[in-house]
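Colleague: build me a structure from this.
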Amino acid sequence: QVQLVESGGGLVQPGGSLRLSCAASGFTFSGLALSWYRQAPGKERELVAHISIGSDRTTYADSVKGRFANSRDNAKNTMYLQMNSLKPEDTAVYYCNARSQFGRIDYWGQGTQVTISS
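Modeller: As a prediction, the model looks like this:
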């Protein structure tokens, strides 16, 4: 069964950190573009971090640059998003996505809630 499962969300105070995980089963990340998105209430889904097909380099949204870091463990078929210096505006449901070049493969996780509040 093909699945992407996010975990690691929660409630933290401003300035805190969280590490999100995105575990794939039923397929591998090889040959796919990998992304993290987030969606806050009443807002459109926003691309947070992206790794293009064949690249090891992650590009980040300006809003998270310098605070978030994406990594992957190919042996575990898992991607991680380390989020530091969190702000209330980072509050959202975070999703991971794996997509082939022309979208024939387009897998989404169920999302994990991140809430930044004092």
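
Colleague: can you give me the strands for the chain?
Modeller: 3-7, 10-12, 18-25, 33-39, 46-51, 58-60, 68-73, 78-83, 92-99, 106-108, 112-116 (DSSP state E).

Colleague: can you redo these as a markdown table with mean neighbour count?
Modeller: C-beta here means a position set from N, CA and C on the backbone, and glycine is covered the same way. Shown next, in a markdown table, are the strands of the chain (neighbours: other Cβ atoms under 10 Å):
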| stretch | mean neighbour count |
| --- | --- |
| strand 3-7 | 17 |
| strand 10-12 | 14 |
| strand 18-25 | 19 |
| strand 33-39 | 21 |
| strand 46-51 | 19 |
| strand 58-60 | 17 |
| strand 68-73 | 17 |
| strand 78-83 | 22 |
| strand 92-99 | 22 |
| strand 106-108 | 14 |
| strand 112-116 | 18 |
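
Colleague: mind putting those strands into CSV with mean pLDDT?
Modeller: As requested, the strands of the chain are exported to CSV (pLDDT from 0 to 100):
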stretch, mean pLDDT
strand 3-7, 95
strand 10-12, 98
strand 18-25, 97
strand 33-39, 97
strand 46-51, 96
strand 58-60, 95
strand 68-73, 93
strand 78-83, 96
strand 92-99, 97
strand 106-108, 96
strand 112-116, 98
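
Colleague: is Tyr60 in contact with Leu47, as I believe?
Modeller: No - the pair Tyr60 / Leu47 is not scored as a contact, 9.2 Å apart, by Cβ atoms under 8 Å.

Colleague: who does the residue nearest the centre of the chain form a beta bridge with?
Modeller: Closest to where the C-alpha atoms of the chain average out (Cα atoms, centre = their mean) is Trp36, at 2.9 Å. Here Trp36 sits in beta bridges with Ala49, Cys96, going by DSSP bridges.

Colleague: off-centre distance for stretch 12-23?
Modeller: Taking the mean of its C-alpha atoms, stretch 12-23 sits 11 Å from the chain's own mean (Cα atoms, centre = their mean, to the nearest Å).
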